[in-house]
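Trainee: Quick one, fold the following:
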Amino acid sequence: MPRDGNLTKKTIYGCPQKNKLFTYMIEHIDPLSNREQFNFIEAVRSEFSYLSDYGYSCVKVEPTIVRYKSDTAFLNIYHGRISFEIAAEFGQLKWYGNSQSYSVSELIRLSDPEAAKKYKNYAAHSPDGVKAGVKRLSVLLKKYADNFLNGTPCIFAKLSEQGKELIEEFAAEVLLRQVRPEAEEAFRNKDFVKAARLYASIESELSAAERKKLAYSRKHS
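Mentor: Reported below is the predicted structural model:
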């Protein structure tokens, strides 16, 4: 998009527009139009200067992403193009390219599952917000990413195993949300054979009241 000083030129119905109010609207509607002014790159380079101590070097800089690499791993720090969230992703470097990437919350979960549940990316919509969000992320990585930054070999195996566990937990939650109402409906309809089968499929997750319904359904099947 061409520029005229700090104003964005935009053509509507063939007419160039330079009105300040119009420009303000365009630059705030288009999340990519003016990202340099957030000073994201400068904030990341300042707050993450310690990465060089771990053998990481900066290999890519753009208004919304800064990428670091070591001999064995990569770390991308970004300012979401649409969400405006300050976040990071990291993973192993392999001969065929990047491995699966992981999020900050996944890293936190390895040592502090409760903190991981509470973690949310910081959304920054101003230069001051970016500065604060990048600093927050830097502090979190210093606290939780030591094994990753030091290149501990087993860290990615642990993350992979954790990912499998999360998928299993999610699948179990989905199953519960599907089975519970079906079991309740079957019990209300006095279809005790079906109710017993459904309740039994989630028996380890049943409440005290549901266990009584399971016992009753089995008795009257």
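Trainee: Could I get the buried residue list for the lengthiest helix in the chain?
Mentor: For the chain, the helix reaching the highest residue count under DSSP state H is reported as helix 155-188. By neighbour count on 16 or more other CB atoms under 10 Å, the buried set for helix 155-188 is 155, 156, 159, 162, 179, 180, 183, 186, 187. Where you see a C-beta, it was placed from the backbone N, CA and C, and this is true even at glycine.
Trainee: same thing with stretch 90-110?
Mentor: Neighbour counts using 16+ other CB under 10 Å place 90-92, 99, 102-110 of stretch 90-110 among the buried residues.
Trainee: What are the contacting residues of that stretch?
Mentor: Here stretch 90-110 makes contact (CB atoms under 8 Å, 6 or more residues apart in numbering) with 69-76, 87-89, 115-116, 119, 121, 137, 140-141, 144-145, 148, 155-156, 158-160, 162-163.
Trainee: Now which of those residues would you call buried?
Mentor: Applying 16+ other CB under 10 Å to those flags 69-70, 73-76, 87-89, 116, 119, 121, 137, 140-141, 144-145, 148, 155-156, 159, 162 as buried.
Trainee: remind me, longest strand of this protein?
Mentor: strand 85-94 (DSSP state E).
Trainee: could I have that one exported to CSV, CA atoms only?
Mentor: Extracted in CSV, the C-alpha atoms of strand 85-94 (Å, rounded to 0.1, in the frame of the first residue of the first chain):
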residue,chain,number,x,y,z
GLU,A,85,-1.3,-11.3,20.6
ILE,A,86,2.3,-11.5,21.7
ALA,A,87,3.3,-15.2,21.6
ALA,A,88,6.0,-17.6,20.7
GLU,A,89,6.5,-21.0,19.1
PHE,A,90,9.5,-23.3,19.1
GLY,A,91,10.7,-26.6,18.0
GLN,A,92,13.6,-28.8,16.8
LEU,A,93,15.5,-28.2,13.6
LYS,A,94,15.9,-31.3,11.5
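Trainee: Return the distance of that strand from the chain's centre.
Mentor: 10 Å (CA atoms, centre = their mean, to the nearest Å).
Trainee: So in that sheet, which strands flank that strand, and in what orientation?
Mentor: strand 73-79 (antiparallel), strand 97-98 (antiparallel), strand 102-103 (antiparallel), strand 122-123 (antiparallel) (DSSP bridges).
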